[in-house]
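>>> Just the structure for this:
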Amino acid sequence: ALRLPTTTPWSEKVSHVENVVQKLALWPVIDQRVGSIEKRGISGGERRRVSIGVQMLLNQQLLLLDEPTTGLDAFTAMQLTELLHQLARSGLIVLMTVHQPRAAIFRQFDKLLLLSAGGRTVYCGQGETQVLEYFNSIGCCCPKLSNPADYLLDLATVDLHSDEQEETSRSRVDKLVCEFERKRAEQGMIMFRAVFDDGETEERLTQSQFSLSTASTTTPLGPDEHVAQAGERAGAFRQFWILCWRTWLIEFRNIGWQVHQLFAAIWISLELGLVYFSLHLDQRSIRDRLSVVYVGVALYPFNITLDTIARLHSQRKQFYYEIQDGMYGTLPMFASKLVCELPFNLAFWLCFVSMFYWMAGLKTDVSSYVYSSLIILLIILVARAAAMAIASAVGKFQAAQFIANTSFTVNNFVGGFLLNLDSINPAVRWMTNISFVHWAVQGVAAIQFRGLTFSCDDALSLNATCIRTGEAALRFYALDKYSFVESGSILIGMLVALNALAILFLKTRSQRPEQK
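Reported below is the predicted structural model:
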């Protein structure tokens with residue numbers, strides 16, 4: 001739906017996909033999941049064929065693959081090579097790099113380019129028969145019962161095990177390179193004509209677009225070098241809906257992950273409710289009430305932060321290659337991810353808030369519950385947006401986790417509970433203004449403390465000054481400067497800014513996945 005032109009009728013798209021599936025012999029696994037590192041799916045060879053098929057949907061004339069047989073067993077590698085050979089016979093130009101191919105795979109190559117260290121050409125011409133004749137003519141005869149591919153790679157490789165071996169092998173390679181250059185000059189032909197000696201193939205290669213398979217290591221493309229032509233690509237709105245449909249499908253297939261997150265929300269809320277169960281209105285409970293406000297707005301959002309970074313990291317490879325192929329833009333991808341994950345975030349938030357709020361004995365009027373819950377929802381969404389921005393800006397998973405942990409810790413320090421806001425060093429007091437924990441604590445505390453009256457019965461035993469009202473408690477902890485409306489508005493502003501920052505990083509910074 002996203003790779004083929006929007007002008008193509010749906011029936012033709014389905015027919016084209018079925019034709020590609022037939023060519024790649026993927027019908028037996030058509031209804032199976034591709035799988036991942038965490039969950040096994042189809043086999044490695046079938047996975048490579050799927051990645052090739054994805055590129056074949058665009059009817060490109062040239063298919064370029066970087067070591068497609070690496071990691072496959074000998075039989076599967078041979079099957080894949082035979083498939084590529086059949087595709088080449090059907091009119092598709094197939095270029096592939098390969099290391100240490102078995103003899104049967106070597107015989108499948110119509111043309112061969114043999115390179116030594118530094119990209120120097122040792123041979124460029126026809127396949128098995130001609131290449132062996134060529135090396136025989138310069139005194140390098142392949143031993144009988146040997147794999148020609150292994151022999152040729154040995155000839156073109158510089159041995160670095162010792163100085164003597166390096167000198168000998170480097171001298172041999174230099175002679176081979178010079179010999180090839182001499183023969184090529186004598187015959188008066190350029191490299192491309194040595195390989196593509198029919199004008200039709202050379203013209204097709206020159207005019208074709210390079211389609212890079214996601215089974216390979218792909219060179220990053222610029223914004224104007226995508227495979228899909230901008231005029232043919234689906235509009236942003238259509239991209240959004242198709243991506244939403246796919247994201248929903250993935251979410252429901254991974255329902256176990258959602259159950260895990262739901263259980264985590266319930267468990268954290270239950271623990272919080274049991275620890276702060278049924279708070280009173282005495283002097284001891286003033287600090288406890290502020291404590292439950294702080295833990296309630298900081299604990300679960302921290303869990304959301306780590307989860308968001310982990311999920312984006314696991315999806316980075318897919319997003320990277322699909323955006324490079326021009327399937328969709330960054331904004332539709334980000335919007336679909338935000339919209340499709342929102343219902344799950346709302347469900348987890350509702351389970352989290354509803355349990356600990358009533359167990360802790362916070363204010364029982366509906367308006368206080370609703371407003372407090374909305375502030376907690378805002379900080380959850382802000383924490384998620386901050387995690388998206390960090391993960392988009394930092395490609396490495398461990399580095400993103402470290403930055404997220406550090407920034408969240410700093411947010412907690414200046415949040416208004418661990419340290420009185422008036423006691424913070426003036427040099428770093430500005431950090432409270434960018435701490436979403438601070439604004440959430442400020443907002444929920446304003447809701448929960450205003451209008452309360454505390455008894456002074458235990459003030460004498462505590463040897464403390466009696467704080468009679470919630471407003472006095474807010475002044476004591478320097479949390480009386482802003483209302484919950486102002487705090488909520490600032491959190492909304494942070495939410496918009498951090499999401500915009502995440503989109504900016506996704507568009508401007510390379511999202512190339514880590515190479516393993």
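
>>> from here on, contacts and neighbour counts on C-alpha atoms
Will do.

>>> Tell me where the stretch 151-300 of the chain has strands.
210-212 (DSSP state E, counting those that start in this stretch).

>>> again, but for the chain
With strands called from DSSP state E, the chain shows them at 62-66, 93-97, 111-116, 120-126, 210-212.

>>> Tabulate those (JSON lines), appending mean neighbour count.
Shown next, in JSON lines, are the strands of the chain (neighbours: other Cα atoms under 10 Å):
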{"stretch": "strand 62-66", "mean neighbour count": "21"}
{"stretch": "strand 93-97", "mean neighbour count": "16"}
{"stretch": "strand 111-116", "mean neighbour count": "17"}
{"stretch": "strand 120-126", "mean neighbour count": "20"}
{"stretch": "strand 210-212", "mean neighbour count": "20"}
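
>>> of those, which approaches residue 235 most closely?
Taking Cα to Cα, strand 210-212 is the member of those nearest to residue 235, at 21.9 Å.

>>> Only the buried residues of stretch 10-27, if you could.
Buried residues in stretch 10-27, counted by 16 or more other Cα atoms under 10 Å: 13, 16, 17, 20, 21, 24, 26.

>>> no, scratch that, I was asking about stretch 164-176
Across stretch 164-176, burial judged by 16+ other Cα under 10 Å covers 169, 170, 172, 173, 176.

>>> Quick check: the third one vs residue 139, distance?
Right, the one you point to is residue 172. Distance, residue 172 to residue 139, using Cα to Cα, to the nearest Å: 12 Å.

>>> I figured residue 379 hits residue 491, correct?
Yes - Residue 379 is within contact range of residue 491, at 7.0 Å (criterion: Cα atoms under 8 Å).

>>> and for those two, which residues touch both?
Taking Cα atoms under 8 Å, 6 or more residues apart in numbering as the contact rule, residue 379 and residue 491 both touch 436, 440.

>>> Against residue 43, how distant is the spatially most central residue of the chain?
Using Cα atoms, centre = their mean, the residue of the chain that lies closest to the mean C-alpha position is residue 316, 1.2 Å off. Using Cα to Cα, residue 316 is found at 22 Å from residue 43.

>>> now do residue 260
Per Cα to Cα, residue 260 is found 28 Å from residue 43.

>>> Next: residue 238.
Residue 238 is 32 Å from residue 43, by Cα to Cα.

>>> what's the pLDDT at residue 451?
At residue 451, the predicted lDDT confidence score is 89.

>>> Please compute how far stretch 86-102 lies from its chain's middle.
30 Å (Cα atoms, centre = their mean, to the nearest Å).

>>> which residues sit against that stretch?
Residues contacting stretch 86-102 (Cα under 8 Å, 6+ apart): 60-70, 74, 84, 147, 149-150, 153, 205.

>>> Show me how to select, in ChimeraX, the buried members of these.
In ChimeraX syntax, the buried subset of those is picked out as below (16+ other Cα under 10 Å):
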select :61,62,63,64,65,66,68,69,84,147,149,150,153,205
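
>>> Among the contacts of stretch 86-102, which lie within helices?
Judged by DSSP state H, these include 74, 84, 149, 150, 153, 205 as members of helices.

>>> Export the residues you listed as TSV, with columns for pLDDT.
Below are the ones in helices among the contacts of stretch 86-102 laid out as TSV (pLDDT from 0 to 100):
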residue	pLDDT
74	82
84	85
149	86
150	87
153	86
205	45
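
>>> could I get those as JSON lines with distance to residue 303?
Output for the ones in helices among the contacts of stretch 86-102, formatted as JSON lines (distance: Cα to Cα, whole Å):
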{"residue": "74", "distance to residue 303": "45"}
{"residue": "84", "distance to residue 303": "46"}
{"residue": "149", "distance to residue 303": "53"}
{"residue": "150", "distance to residue 303": "53"}
{"residue": "153", "distance to residue 303": "52"}
{"residue": "205", "distance to residue 303": "52"}
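
>>> then stretch 149-166 to CSV, C-alphas only?
Taking Å, rounded to 0.1, in the frame of the first residue of the first chain, the C-alpha atoms of stretch 149-166 are listed here in CSV:
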residue,chain,number,x,y,z
ALA,A,149,36.3,-19.3,-5.3
ASP,A,150,38.5,-20.2,-2.3
TYR,A,151,41.6,-20.2,-4.6
LEU,A,152,40.8,-16.8,-6.1
LEU,A,153,40.2,-15.3,-2.7
ASP,A,154,43.5,-16.7,-1.5
LEU,A,155,45.2,-15.1,-4.5
ALA,A,156,43.6,-11.7,-3.8
THR,A,157,44.2,-11.6,-0.1
VAL,A,158,47.1,-10.0,1.8
ASP,A,159,48.3,-12.3,4.6
LEU,A,160,49.1,-10.3,7.7
HIS,A,161,50.2,-13.2,10.0
SER,A,162,53.9,-12.3,9.7
ASP,A,163,56.0,-9.7,8.0
GLU,A,164,57.4,-12.3,5.5
GLN,A,165,54.0,-13.5,4.6
GLU,A,166,52.7,-10.0,4.2
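
>>> which residues of the stretch 1-150 of the chain score low on pLDDT?
The stretch 1-150 of the chain contains residues with pLDDT under 70 at 1-7, 36-38, 59.

>>> Show me the helices in it, by range?
Using DSSP state H, counting those that start in this stretch, the helices of the stretch 1-150 of the chain run over 10-23, 44-56, 74-89, 103-106, 128-137, 148-156.

>>> what's the answer for the stretch 151-300 of the chain, then?
Ranges of helices within the stretch 151-300 of the chain are 163-187, 191-195, 199-207, 236-253, 255-275, 283-324, based on DSSP H, counting those that start in this stretch.

>>> what does the fifth one rub up against?
The reference is to helix 255-275. Under the criterion Cα under 8 Å, 6+ apart, residues 251, 292, 296, 300, 344, 347-349, 351-353, 355-360 lie in contact with helix 255-275.

>>> can you do 10 Å?
For helix 255-275, the surrounding residues in contact (Cα atoms under 10 Å, 6 or more residues apart in numbering) are 249, 251-252, 277, 292, 295-296, 299-300, 303-304, 307, 344-345, 347-361.

>>> ok, back up a step: just put the helices of the stretch 1-150 of the chain in CSV and tack on distance to residue 401.
Shown next, in CSV, are those (distance: least, Cα to Cα, whole Å):
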stretch, distance to residue 401
helix 10-23, 40
helix 44-56, 30
helix 74-89, 38
helix 103-106, 44
helix 128-137, 51
helix 148-156, 43
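
>>> mind checking which of these is nearest residue 436?
helix 44-56 (42.5 Å).

>>> which helices and strands does that closest one pack with?
Applying 3 or more Cα pairs under 10 Å, 6 or more residues apart in numbering; DSSP states H and E, we find helix 44-56 packed against helix 10-23, strand 62-66, helix 74-89, strand 210-212.
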